[in-house]
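Participant: I'd like to go over a predicted model; first the sequence, then the structure.
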Amino acid sequence: MDFIELQDIRKTYHMTDIDVPVLHGISLKIAKGEFVALMGASGSGKSTLMHILGCLDHTTSGRYWLDGEEVSNISADRRALVRNHKIGFVFQGFNLLARTSAVENVAMPLSYTATHLSERQARQRATEMLVRVGLSDRLYHEPSKLSGGQQQRVAIARALVNNPPLLLADEPTGNLDSRTSEEILHMFHELNESMGLTIVLVTHELDVARYAQRTVHMRDGLIVEGEYDGSSETDDVHRAQDQTQSPARSTTAEGQTS
Ligand code: ADP
Ligand code: MG
């Protein structure tokens with residue numbers, strides 16, 4: 001079983017007078033340590049799919065396994081636990097706490113998990129994460145005193161402070177200029193390589209294929225390219241990667257060649 005397996009996922013939002021069907025049967029497998037880019041026009045259902053992947057929302061039907069556990073039908077409490085331990089989130093809008101230093105922003109999620117760290121240890125851990133994302137000289141800056149790229153780095157450090165195996169990023173470069181976007185994408189690539197972090201990233205940057213191993217394209221609530229349904233030859237490659245946890249980096253967007 002792969003790290004992520006989605007089987008015929010459907011999602012309909014229920015509004016007061018109408019039902020809004022958004023996902024129409026998504027099946028997708030992602031191996032541990034993969035870096036997948038998710039692309040598609042606005043309204044195609046990318047964020048809805050990311051919410052389901054992130055256990056922020058439940059499906060209307062279909063099954064979802066994360067790290068060997070079926071999470072499609074678990075309780076809200078259990079979902080919160082899975083989120084805290086297994087998933088880091090990065091959003092377009094950074095979502096940092098204002099008037100709160102970078103270190104304190106990054107340390108925040110540690111207080112939600114039973115890590116039993118003292119305040120000093122938590123700050124130490126947060127500092128290490130900020131050093132890792134290249135912000136050793138901005139530890140005590142508040143968000144308003146940081147550039148957009150720096151704020152997103154703080155958000156990435158915060159997403160990873162609990163050491164989750166999965167990072168979900170929904171248009172993390174949407175508010176950044178192209179040079180800063182490149183820097184952030186490069187950072188994701190490095191985190192994927194050095195930590196074996198599994199990454200699913202929604203992006204509009206066309207050359208993201210340079211950083212991701214696979215590009216999955218969505219249209220109108222369906223995956224139209226890059227599905228990796230486990231039946232092709234690349235399946236063996238992914239399984240080998242899964243076992244060794246050291247994916248080959250030579251592969252680029254497989255969606256474009258298959
Ligand atoms: P994308 O991220 O690809 O732009 P979304 O997943 O945000 O797409 O949205 C897909 C469709 O679902 C859109 O038509 C949107 O209006 C609808 N939608 C998203 N969230 C909700 C919601 N909470 N309630 C009702 N409809 C929604
Ligand atoms: Mg979206």
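Facilitator: Looks like it arrived, so ask away. Ligands and ions are numbered 1, 2, ... in the order given.
Participant: how about the residue in the stretch 1-150 of the chain positioned nearest to ligand 2, secondary structure?
Facilitator: Checking the stretch 1-150 of the chain residue by residue against ligand 2 with C-beta to the ion singles out S47 as nearest, at 3.2 Å. Heads up, the C-betas are built off the backbone N, CA and C, glycines and all. Local secondary structure at S47 is given as helix here, using DSSP: H, G, I helix; E, B strand; the rest coil.
Participant: wouldn't it be in contact with G174 here?
Facilitator: No. In terms of C-beta atoms under 8 Å, S47 does not count as a neighbour of G174; the distance is 11.3 Å.
Participant: quick one: average confidence on stretch 138-148?
Facilitator: The pLDDT scores in stretch 138-148 average 97.
Participant: may I have that stretch exported as PDB, CA atoms only?
Facilitator: Only the C-alpha atoms of stretch 138-148 are listed here, as PDB (Å, rounded to 0.1, in the frame of the first residue of the first chain):
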ATOM      1  CA  ARG A 138      15.100  36.900  11.600                       C
ATOM      2  CA  LEU A 139      14.100  34.900  14.700                       C
ATOM      3  CA  TYR A 140      12.500  37.700  16.600                       C
ATOM      4  CA  HIS A 141      10.900  39.600  13.700                       C
ATOM      5  CA  GLU A 142       7.100  39.900  13.600                       C
ATOM      6  CA  PRO A 143       5.400  39.000  10.300                       C
ATOM      7  CA  SER A 144       4.800  42.700   9.400                       C
ATOM      8  CA  LYS A 145       8.600  43.200   9.500                       C
ATOM      9  CA  LEU A 146       9.300  40.400   7.100                       C
ATOM     10  CA  SER A 147       9.000  40.200   3.300                       C
ATOM     11  CA  GLY A 148       6.400  37.900   1.700                       C
END
